[in-house]
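Enquirer: I would like the atomic coordinates for the input below:
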Amino acid sequence: MTVTRRISLLTLTLVLLAGCTPDLSGEHVTIAGGVDGGVYSKLAHSLSGVWARGLGLAEAPKVLTSKGSPDNLDKLASHEADVAFSAADVTTGRAGLQALARVYDDYLHVVVLRNSTINQLTDLKDRRLAIGLPDSGVAHIAQVLLDRIGITPKEKKSLSLEPALKELKDGTVDVVFWSGGLPTDAITQASQSTQLRLLDIGSAMDQMRIANPVYRRATIPASAYPLIGGNPVTTLVVPNYLVVRTDMSADLAHALVSTLYDSVGELGMVSAAAESIDVHPGIETMPLDLHPGALRYYRDRKP
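Expert: From the prediction side, this is the model:
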């Protein structure tokens, strides 16, 4: 074969390959993130830049603030958002949704003062609990836990994490619920000025697994919060997913997933939670099915 012939074939191959790459520049993508400063919000803003560059979008994806997972899924269902972060348990029973990837796990924290007389879950009866904002993932999981152990608190206050920790310090709440990565910055900072303790919830794990099999037993090591110290505590973890509607195009879903995994290092600079983003656990999105475009990406990655 002549050199000219080889060059012609190579040129034709490159043209054909270019033709196989969908033009997504005109796509408009909106991401439902979370509360300002939270992991959802940080990753959503980082993904906006990553996806704008990786997909060649004419306009960077818009990021919406929200109260948390339930609010995000409502925005997705109403077409206000195209991609949403959500805890796995909140997706249960929601129609018309599929997953792009499992991204990282949240750990349930039940925080009390170190000198508190609350030593086990049954001690939550008739106490004042800060359970997170309405329509947030932490409020959802806190209520599931209270229902499963049959505890009625004296009061449930809807507070975000930092105000809740302040009220714990001031003595106006007895317990703070939080679901987040390890370590959670706000808890680390609060432990610098307030003596805190984490409550072990191992006694409720069987009931929580009955409530939703996405909940898994895990341990918060003492090293996660050096100033809290003490022994490791048993808790539960709930996975977080990137969720889309079933009507998203396969090409767009494929491109979003591909660019996500290509950019893990950049995302990890924004939040340590992103360091756990990996293809192998990424396919584990129970109870949601993977979007066909995402599934194509994972199948293409198989050796």
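Enquirer: who are the packing partners of the helix or strand where Leu256 lies?
Expert: If you go by DSSP states H and E, Leu256 is part of helix 250-262. When contacts are defined as 3 or more CB pairs under 8 Å, 6 or more residues apart in numbering; DSSP states H and E, helix 250-262 packs onto helix 39-54, strand 97-113, strand 233-245, helix 292-301. Every residue, glycine included, has its C-beta placed from N, CA and C.
Enquirer: ok now it, how far from the chain's centre?
Expert: Centre-to-centre, helix 250-262 and its host chain are 18 Å apart (CA atoms, centre = their mean, to the nearest Å).
Enquirer: now do it and helix 39-54, the angle between them.
Expert: Put simply, helix 250-262 runs at 110 degrees to helix 39-54, going by axes from the mean of the first three to the mean of the last three CA atoms, to 10 degrees.
Enquirer: just the CA coordinates for the helix or strand following helix 250-262, please, in CSV.
Expert: As assigned by DSSP H and E, the chain's next helix or strand after helix 250-262 is helix 264-268. The C-alpha trace of helix 264-268 is given here as CSV (Å, rounded to 0.1, in the frame of the first residue of the first chain):
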residue,chain,number,x,y,z
VAL,A,264,-12.2,12.5,39.6
GLY,A,265,-8.8,14.1,40.5
GLU,A,266,-10.2,17.6,39.9
LEU,A,267,-13.4,16.9,41.9
GLY,A,268,-11.3,15.5,44.7
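Enquirer: against which helices or strands is helix 264-268 packed?
Expert: helix 39-54.
Enquirer: I'd like the helices and strands packed on helix 250-262 written out as JSON lines, with mean pLDDT, mean neighbour count and distance to Gly33 added.
Expert: Listed next are the helices and strands packed on helix 250-262 as JSON lines, based on pLDDT from 0 to 100; neighbours: other CB atoms under 10 Å; distance: least, CB to CB, whole Å:
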{"stretch": "helix 39-54", "mean pLDDT": "96", "mean neighbour count": "21", "distance to Gly33": "3"}
{"stretch": "strand 97-113", "mean pLDDT": "97", "mean neighbour count": "23", "distance to Gly33": "13"}
{"stretch": "strand 233-245", "mean pLDDT": "98", "mean neighbour count": "23", "distance to Gly33": "11"}
{"stretch": "helix 292-301", "mean pLDDT": "96", "mean neighbour count": "17", "distance to Gly33": "20"}
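Enquirer: and the helix holding Leu256 with strand 97-113, angle?
Expert: 40 degrees.
Enquirer: can I see the domain layout of this protein?
Expert: 26-104+240-301, 106-238 (automatic domain parsing).
Enquirer: now do the contacts for Ile283.
Expert: With contact set as CB atoms under 8 Å, 6 or more residues apart in numbering, Ile283 has these partners: Ala101, Arg102, Leu290, Tyr298.
Enquirer: equivalent analysis for Gly54, please.
Expert: By CB under 8 Å, 6+ apart, the contact set of Gly54 is Ala255, Ser258, Thr259, Asp262, Ser263.
Enquirer: any idea how far the fourth one is from Ser191?
Expert: This points to Asp262. 36 Å (CB to CB, to the nearest Å).
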